[in-house]
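Q: Dropping a prediction and its sequence here:
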Amino acid sequence: AQHFLARIKTHQNLAAFLAVDEEATLTQARAADARLAAGDSAPLLGVPIAHKDIFVTRDFPSTAGSKMLTGYRSPFDATVVARLGQGAPDQGPGAGAVTLGKLSCDEFAMGSSNEAVAVPAVGFSSATPVKNPWDPARVPGGSSGGSAAAVAARLAPAATGTDTGGSIRQPASFCGITGIKPTYGRASRYGMIAYASSLDQAGPMARSAEDCALLLSALCGPDLDRDSTSLDLPAEDFSRGLNDKVDGLRIGIPKEFFGAGLAADVRAAIDAALKEYEKLGAKLVEISLPRTELAIPVYYIIAPAEASSNLSRFDGVKFGHRAKDYTDLLDMYKKSRSEGFGEEVQRRIMIGAYVLSHGYYDAYYLQAQKIRRMLADDFQNAFQHCDVIAGPAAPSVAWQIGGHGDDPVADYLADIYTLPASLAGLPGLSLPVGFGDGGLPVGLQLIGNYLQEAKLLNAAHRYQ
Ligand code: GLN
């Protein structure tokens, strides 16, 4: 822990962390030492990790990157944090990891570049936004950009992230690390500050599939009393099949993932990786996910709709920012929310309220739900012909900070390859497979059928 705390300090320029607190970390480290001395052999005992600031933590502030939650301190740990770390009274003792601090993210996880972070760091000074360690003029991806940058720069051996529409896989791709979003429901959403509840999933981001498997085994598990969508399945050892042969593995290649929008340098790296899989004995099968393009409009209706509902809790009353001057209750709500939420968050709340409103609900929200079902069916058709699906995680390498200007749609369009699996609730992984223009990392995305995380980790591990 001391080693990583020192590195975090000397690499403050990356702005990967939003909060560090040496004493809090070292207190957890001493507790882990005591467990170790007592003969405890919890799987991550003493391993330092860091958490995306979307997870609430008792020992560190939790802001979700938003001014709305500046200075907020949760009275409890998110289930994922508790399971990886120190446990909770009714959660058992926890896997024993030690928290290094909280990692930067786009405000309320809405974004693809980590440029929309609206809070200053606590514990040291750092100039936002987060920089990509491979080229500090580039974005690390988002919304789990702080997690990806921290792991890539070796400021933490592993980190948590969350993925609603790609926020683990795309930053993993941009920063040359491995990240996996499990099947929807595998990880409890309790204590994960909600963005779009039917899509939000937690997952690990680490240097390898092997490390991801260790963390995933610890963080998944039922939590039905607190998250009714958590799956009632026993804990699983995701490391068990890492070394299985991929001989005969049928890898589906969706032709829609290799269209005109895919940059040539990314395509070259992906093609080379697929050749490598053929050498390992895998078989490439062409498949079709015909509604891929529709994933963008469908996601950008459903996610804002759910966000507009989830974010209504930030009204300046129970917690969060409250405006200083106001005339009455309504004025207090309006001013608190206008001051506390950034531009992108406000945009999504407005889109969400619009698509849910009387007169538009049928035309937008209901229609989007229908297409969401069709997208999920398309995957089931595809899985008749293959075991996993492979393609790029993102259409380009990391772009320049400020490169998309004030055009939010440019960011939305770049989510095309991650959104389909998110809408279907399928597990997805990104592993580094090479470099594109400017020596920037390229990630290969692997998508599995429901509950097939072990297969994805196995395929990634064999490559690595
Ligand atoms: N880029 C997508 C969005 O802005 C995905 C974000 C996420 O997965 N949290 O909504």
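A: All right, it came through fine.
Q: would you list every one of the helices in the stretch 201-350 of the chain?
A: 209-219, 264-279, 295-310, 329-340, 343-356 (DSSP state H, counting those that start in this stretch).
Q: so which of the ones you listed gets nearest the ligand?
A: Nearest to the ligand, of all the helices of the stretch 201-350 of the chain, is helix 295-310, at 5.4 Å by CB to the nearest ligand atom. All C-beta atoms are positioned from the backbone trio N, CA, C, and that covers glycine.
Q: ok now do residue 211, which residues does it touch?
A: Residues in contact with residue 211 (CB atoms under 8 Å, 6 or more residues apart in numbering) are 157, 158, 178, 204.
Q: Closest to residue 10 out of these?
A: Using CB to CB, residue 157 comes nearest to residue 10 of the contacts of residue 211, at 16.8 Å.
Q: Was I right to think that closest one contacts residue 205?
A: No: checked against CB atoms under 8 Å, the pair residue 157 and residue 205 is beyond contact range at 10.6 Å.
Q: Looking at those two, which one has more neighbours?
A: Higher neighbour count among residue 157 and residue 205: residue 205, with 35 against 19, using other CB atoms under 10 Å.
Q: Report the contact partners of that one.
A: 144, 147-148, 151, 158-161, 168, 171-172, 177-179, 212.
Q: hang on, the earlier thing: what do residue 157 and residue 205 both touch?
A: residue 151.
Q: Would you map the helices across the stretch 51-200 of the chain?
A: So, for the stretch 51-200 of the chain - with DSSP H, counting those that start in this stretch - the helices run 79-84, 145-152, 169-175.
Q: now check the longest one, is it near the ligand?
A: Same thing as helix 145-152. No: shown here: helix 145-152 not in contact with the ligand (CB under 6 Å from any ligand atom), separated by at least 10.5 Å.
Q: could I get the helices of the stretch 201-350 of the chain as a markdown table with mean pLDDT and distance to residue 322?
A: What follows is these, written out as a markdown table (pLDDT from 0 to 100; distance: least, CB to CB, whole Å):
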| stretch | mean pLDDT | distance to residue 322 |
| --- | --- | --- |
| helix 209-219 | 98 | 34 |
| helix 264-279 | 98 | 45 |
| helix 295-310 | 98 | 19 |
| helix 329-340 | 97 | 5 |
| helix 343-356 | 97 | 17 |
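Q: Columns distance to the ligand on top of those helices, output as CSV?
A: Below are the helices of the stretch 201-350 of the chain laid out as CSV (distance: least, CB to the nearest ligand atom, whole Å):
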stretch, distance to the ligand
helix 209-219, 17
helix 264-279, 17
helix 295-310, 5
helix 329-340, 19
helix 343-356, 8
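Q: just so I know, which of these lies nearest residue 245?
A: Of all those, helix 264-279 comes closest under CB to CB, at 12.1 Å.
Q: which helices and strands sit right next to that closest one?
A: strand 250-254, strand 283-287, strand 388-392, strand 428-435, strand 441-448, helix 453-463 (3 or more CB pairs under 8 Å, 6 or more residues apart in numbering; DSSP states H and E).
Q: let's see 6 Å
A: strand 428-435, strand 441-448 (3 or more CB pairs under 6 Å, 6 or more residues apart in numbering; DSSP states H and E).
Q: Return the distance of residue 421 relative to residue 197.
A: 17 Å (CB to CB, to the nearest Å).
Q: ok, the two, which is more surrounded?
A: Taking neighbours as other CB under 10 Å, residue 421 and residue 197 compare with residue 421 leading, 29 against 16.
Q: what's the one helix or strand the more buried one maps to packed up against?
A: Assigned by DSSP states H and E, residue 421 belongs to helix 419-424. For helix 419-424, the elements it packs on are helix 295-310, helix 367-382, judged by 3+ CB pairs under 6 Å, 6+ apart.
Q: The same query, at a cut-off of 10 Å, please.
A: Packing partners of helix 419-424 (3 or more CB pairs under 10 Å, 6 or more residues apart in numbering; DSSP states H and E): helix 295-310, helix 367-382, strand 388-392, strand 428-435, strand 441-448.
Q: chain center to it: distance?
A: Distance of helix 419-424 from the chain centroid (CA atoms, centre = their mean, to the nearest Å) equals 13 Å.
Q: Equivalent analysis for stretch 194-203, please.
A: 9 Å.
Q: before we move on, what about stretch 309-320?
A: 23 Å.
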